[in-house]
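Enquirer: dropping a prediction and its sequence here:
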2 protein chains.
Amino acid sequence: MSYLDHLTCPRCTGRYDAGGLHNLCECGSPLLAIYDLERLAANIRPSDLVNRPANMWRYREFLPVTDAENIVSLGEGYTPMLRTARLGRELGLNQLWVKDEGLNPTGTFKARGASAGISRAKELGATTVAMPTAGNAGGAWAAYGACAGIQVHVAMPRDAPTINVMECRLYDAHLMLVDGLISDAGKLIAQGVAEHGWFDASTLKEPYRIEGKKTMGLEIAEFFDWHMPDVVIYPAGGGVGIIGIRKALRELREMDWVSGPLPRMVVVQASGCAPLVRAFDGGLDASEFWQSAQTMAAGLRVPKALGDFLVLQAVRETEGTAVAVSDAEIEDAMRLVSRMDGLAMCPEGAATVAAAKQLRDSGWLQADENVVLINTGTALKYPEVMNSIIAES
Amino acid sequence: MSYLDHLTCPRCTGRYDAGGLHNLCECGSPLLAIYDLERLAANIRPSDLVNRPANMWRYREFLPVTDAENIVSLGEGYTPMLRTARLGRELGLNQLWVKDEGLNPTGTFKARGASAGISRAKELGATTVAMPTAGNAGGAWAAYGACAGIQVHVAMPRDAPTINVMECRLYDAHLMLVDGLISDAGKLIAQGVAEHGWFDASTLKEPYRIEGKKTMGLEIAEFFDWHMPDVVIYPAGGGVGIIGIRKALRELREMDWVSGPLPRMVVVQASGCAPLVRAFDGGLDASEFWQSAQTMAAGLRVPKALGDFLVLQAVRETEGTAVAVSDAEIEDAMRLVSRMDGLAMCPEGAATVAAAKQLRDSGWLQADENVVLINTGTALKYPEVMNSIIAES
């Protein structure tokens, strides 16, 4: 089933056995899951996937769960790749695609990370998990925790989207509301982990959430018949998605399922909270804590991501770039894409539309390039934002 | 591509050419799309579907669109069938499944009807469509209309869920809010159709919405490897979904893709608006207008369905039944299924859980029967209801 082999540290190259519950490396870096890709490539071919279920577990060999009984699935993944022809014409991009992650359980791509993370936590015997969240991850982990019978502790900003608060309560997670940002929520979780022995499932503090997010990359490659698009544009809060997509495509290339250069990876942030953009522009290897972070795109309100160095690596290695967009540009993009192509993009997803516009206008994107936007969730989870953008139009 | 042959009236057996825009039969009955199933069965086999896209257009031969260029798709259909093991144990049902229609564009099964209806309207040259709605159909048709470049006129009750109002505005549909029910909204639409020549896409007043809903039946059969489950439980407002599922399974049986008796079909309504249940209990062939309809399950607030006689036929022909559940039972079911299996069911979907409980308790459902609940949408579209059920818990 799984070809998971061991865990490794991308910073100090430390190696860990994959058989137990792990958090960070001793050096403080996130750990990454390493698979026996040689054996995987010898035993499985792309054509073996054809008859598999239409969810992310169709890639079970690339995922960390050993016993299928432990898979906690609500039908996540294998989301549509939509050709947004009218928006493409508007922006001057002839091959513009949206991967619509809104069609996931709990309405966002966070379901992928939660499905992989909760499944593996269950397999390894965890009975409680805990994490800070900007909002949507909390809702997703609460749902998968309920399904698995695992108690979930969530800390989130008091001003996170209302629906995320309701989700946690609906799924009977233990919810702590914090006067502050996700970074402050993180401190509260660290305290609970130390005091109560909860398993710390904070972004990148356990190695399997990223494996769930990785399936976006596998799906992109499979959709294009095992070819890579030219560009992937991703809205980065914690940045796990883009780290995961890069990891997936590198694994596939190592197995010769795909070849050639990786797509140029673009990270988009909100101009009110753009630590990765600032670090990219400044030529830094890691970001600095962003003071007074503010944006209505709640998922982008992450002042400092633990995996910042991995995101910056992904962008530089692929000759990508980093772009900041304003809240006003995001709102315009939400209006545009809904009227052009019938899509209710979340603010974070709409940020990729605004970024594509900037990059096409500047000539960084060419008209005939194959460009994939990751819409990380549905606008239905942001009724306040929907209400505001229709009132202004 | 499509094996659509003609349109027929299920009441007076009148026959219509499928090549033009049609509404009701001259006798006042809805029209049904008839396919050349003999030729379809001769040319296509179940195994031909294996490599098809994971959306409802994988069944394109069973759908009314002739030219693939006219398909307006946002990735609708091919939704997960979830084994709800913990809920099943709680209810005493060992093979309980939920078909989760919340993972559709716009968050409900209405996307199927809108995709088929808008696609075919586009193919036949309509430039405006109009309909009354309890809420979610309006949001879905507005989205698909935007994507197709077709103007959509929607009339809905002023007290429909807020998010449906916002959806229509987001997608730039023309929205009319009505002091009353969907039946009153229907009168306003009829007036607009008469005055302005809009194409009337009201429930069952055009023949293709049902074809989109039909794909739920095709998917159920394909999921069970072309076998039928024992029971399908469906929350009926207008009832198009259950009419569609029955139509699909009959078509498949005629083609010998499935065999044996159809699943027993159960329709669930809210006790505050249960015209179909009353008609079933009274042995009537059609329902009577339900006075002062009231339920928080907005989609079930349909006092009289145009296709009532077809729903009653489906239930009786399959030895099914009709069940009314209270709003309190619906709320309890929403709480139960979210905590047991991590699912945020909309009130209408949760009504099927409440019905399954009643029917298991009464012995009408047997412990080992294969039971499919249709969850027609996500609770995320009902933040007011979510808020109320978590406040009470």
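Expert: Received the coordinates, thanks. Residues are numbered from 1 along each chain as shown, chains lettered A, B, ... in the order given.
Enquirer: strands of the stretch 101-250 of chain A, residue ranges please.
Expert: A:128-132, A:151-157, A:174-178, A:199-200, A:231-235 (DSSP state E, counting those that start in this stretch).
Enquirer: the longest one vs strand A:128-132, what angle?
Expert: Looking back up the chat, that one is strand A:151-157. 10 degrees (axes from the mean of the first three to the mean of the last three C-alpha atoms, to 10 degrees).
Enquirer: picking that back up, okay, the strands of the stretch 101-250 of chain A in TSV with mean pLDDT next?
Expert: Output for the strands of the stretch 101-250 of chain A, formatted as TSV (pLDDT from 0 to 100):
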stretch	mean pLDDT
strand A:128-132	97
strand A:151-157	97
strand A:174-178	97
strand A:199-200	97
strand A:231-235	98
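Enquirer: out of these, which is the most enclosed?
Expert: Each of those was scored by mean neighbour count; the highest is strand A:231-235, a mean of 30, by mean count of other C-beta atoms under 10 Å in any protein chain shown. C-betas here are computed from N, CA, C, even on glycine.
Enquirer: turn the strands of the stretch 101-250 of chain A into TSV, including distance to chain B.
Expert: TSV is the format used below for the strands of the stretch 101-250 of chain A (distance: least, C-beta to the nearest C-beta, whole Å):
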stretch	distance to chain B
strand A:128-132	14
strand A:151-157	10
strand A:174-178	10
strand A:199-200	18
strand A:231-235	18
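Enquirer: can you list these in a markdown table and add distance to A:A121?
Expert: Converted to a markdown table, the strands of the stretch 101-250 of chain A look like this (distance: least, C-beta to C-beta, whole Å):
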| stretch | distance to A:A121 |
| --- | --- |
| strand A:128-132 | 6 |
| strand A:151-157 | 10 |
| strand A:174-178 | 16 |
| strand A:199-200 | 6 |
| strand A:231-235 | 25 |
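Enquirer: out of those strands, nearest to A:Y59?
Expert: strand A:231-235 (17.8 Å; C-beta to C-beta).
Enquirer: which neighbours does the closest one have in its sheet, and in what orientation?
Expert: On the basis of DSSP bridges, the sheet neighbours of strand A:231-235 come out as strand A:264-270 (parallel), strand A:370-375 (parallel).
Enquirer: is it true that A:Y171 touches B:D341?
Expert: No - here A:Y171 lies out of contact with B:D341, judged by C-beta atoms under 8 Å, at a distance of 9.9 Å.
Enquirer: anything in contact with each of the two?
Expert: Contact criterion C-beta atoms under 8 Å, 6 or more residues apart in numbering or on different chains; residues shared by A:Y171 and B:D341: A:A146.
Enquirer: state the distance from A:I245 to B:R209.
Expert: Per C-beta to C-beta, to the nearest Å, A:I245 is found 37 Å from B:R209.
Enquirer: what parts of the stretch 151-300 of chain A come near chain B?
Expert: Applying C-beta under 8 Å from any C-beta of the partner chain, we find that the stretch 151-300 of chain A lies next to chain B at A:T162, A:I163, A:M166, A:E167, A:R169, A:L170, A:Y171, A:D172.
Enquirer: out of everything not next to it in sequence, what's closest to the third one?
Expert: Taking C-beta to C-beta, 6 or more residues apart in numbering or on different chains, and ignoring the residues beside it in sequence, A:M166 has B:M386 as its nearest neighbour in space, at 4.6 Å.
Enquirer: the host helix or strand of that neighbour to helix A:383-392, inter-axis angle?
Expert: Assigned by DSSP states H and E, B:M386 belongs to helix B:383-392. Relative orientation of helix B:383-392 versus helix A:383-392 (the same axes, to 10 degrees): 150 degrees.
Enquirer: hang on, A:L96 in a helix?
Expert: No - counting by DSSP: H, G, I helix; E, B strand; the rest coil, A:L96 falls outside a helix, being strand.
Enquirer: flag every residue of the stretch 1-150 of chain A that's near chain B.
Expert: Counting by C-beta under 8 Å from any C-beta, the stretch 1-150 of chain A comes close to chain B at A:50-51, A:54-55, A:72-75, A:78-80, A:82, A:86, A:100, A:102-107, A:142-149.
Enquirer: switch the cut-off to 6 Å
Expert: With C-beta under 6 Å from any C-beta of the partner chain as the criterion, the stretch 1-150 of chain A meets chain B at residues A:50-51, A:54, A:74-75, A:78, A:80, A:100, A:103, A:107, A:143-144, A:146-147.
Enquirer: which of the residues of the stretch 151-300 of chain A next to chain B tops the neighbour count?
Expert: A:E167 (30 neighbours; other C-beta atoms under 10 Å in any protein chain shown).
Enquirer: not counting its neighbours along the chain, what's nearest it?
Expert: Distances taken as C-beta to C-beta, 6+ apart place A:G139 nearest to A:E167, at 3.4 Å, with adjacent residues excluded.
Enquirer: now swap in A:L175 and tell me
Expert: Computed as C-beta to C-beta, 6+ apart, the closest residue to A:L175 that is not its neighbour in sequence is A:C168, at 4.3 Å.
Enquirer: I'd say that neighbour and A:M156 touch.
Expert: No - assessed by C-beta atoms under 6 Å, A:C168 is found out of contact with A:M156, at 7.7 Å.
Enquirer: what sits opposite A:Y35 in the beta ladder?
Expert: With DSSP bridges as the rule, A:Y35 is bridged to A:L4.
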